[in-house]
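Undergrad: Need coordinates for the below:
(one chain, ligands or ions: 1)
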Amino acid sequence: MNILSIQNLSKTYQSGNRKLTVLDDVNFDLAIGETISIVGPSGSGKTTLLGLCAGLDSASSGSVVLNGASLEKLSEDQRAAIRNQHVGFIFQNFQLLPTLTALENVMVPLELKKRKDARTKAMELLEKVGLGDRMTHYPTQLSGGEQQRVSIARAFANDPKILFADEPTGNLDTETGEMIERLIFDLNKEKGTTLVLVTHDTELAAKTQRIIHIKGGKIQEDNHA
Ligand code: ADP
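TA: Here you go, the predicted structure:
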């Protein structure tokens, strides 16, 4: 059973009168519970691919079927509903909301829950990532590693079926990087969450079951362990 199925996916940007092809006929399927890394040179289309898979952006052509739903057939609101229900996303630059505290940021994906339950769950998650004493801090009052941990707690909040992480350990010290790695892989082991990582870190990539190499917007290799 696949959680994600990508067919003939292409993405182009128009820049003046030039067409820039960023993804060119990408195809792959991901089984439920699989762990996979997407690697490749800077500018090869990895972040764009991740955004399309997660329904954050729409393709120029081709299809993305996420948890049984064809994203290109849905409105932006419907895609957002699927993301809220099933998807966790860890952004390269965290994307925490600056006007909200750490706790409130983690509560964002829990808006459909009763406020008291959302708060309890968000507090548990912040404890889990070692930020029990930072709940009322605002993003600017947190270090990069702490902000990344808040963004991980937020990504875990809705018990996602699939977690997308864009350079989750990039720019972090070794200790924080290892902690984040452990949290992500534990989620896969404990809850069977499918993991899709974009990373430059070859050691991290080697810990996933499968590595897709992408170059110039095309899949060059798709290696299963
Ligand atoms: P990677 O994650 O592999 O570094 P990206 O997916 O971020 O690559 O970017 C791939 C290419 O798409 C780059 O050449 C980048 O400049 C271009 N690109 C990304 N987003 C846009 C955009 N919104 N408009 C135009 N070009 C873009």
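Undergrad: Low-confidence ranges, the protein, go.
TA: Applying pLDDT under 70 to the chain flags residues 225.
Undergrad: In terms of secondary structure, what does the longest helix seen in it contact?
TA: For the chain, the helix with the greatest residue count under DSSP state H is helix 174-191. Contacts defined by 3 or more C-beta pairs under 8 Å, 6 or more residues apart in numbering; DSSP states H and E place helix 174-191 against helix 144-156, strand 162-166, strand 194-198. Quick note: C-beta positions are derived from backbone N, CA and C, even for glycine.
Undergrad: wait, which of these is closest to residue 214?
TA: Closest to residue 214 of the helices and strands packed on helix 174-191 is strand 194-198 (C-beta to C-beta; 9.4 Å).
Undergrad: I'd assumed residue 125 was in a strand, is it?
TA: No - Residue 125: not assigned to a strand; according to DSSP: H, G, I helix; E, B strand; the rest coil it is helix.
Undergrad: which non-adjacent residue is nearest it?
TA: residue 153 (3.9 Å; C-beta to C-beta, 6 or more residues apart in numbering).
Undergrad: Could you double-check that the one you found lies in contact with residue 124?
TA: No - with contact defined as C-beta atoms under 8 Å, residue 153 does not reach residue 124; the gap is 9.0 Å.
Undergrad: List the residues that contact the residue most central in space within the chain.
TA: Closest to where the C-alpha atoms of the chain average out (C-alpha atoms, centre = their mean) is residue 164, at 2.2 Å. Residue 164 sits next to 50, 53-54, 87-90, 196 when contact means C-beta atoms under 8 Å, 6 or more residues apart in numbering.
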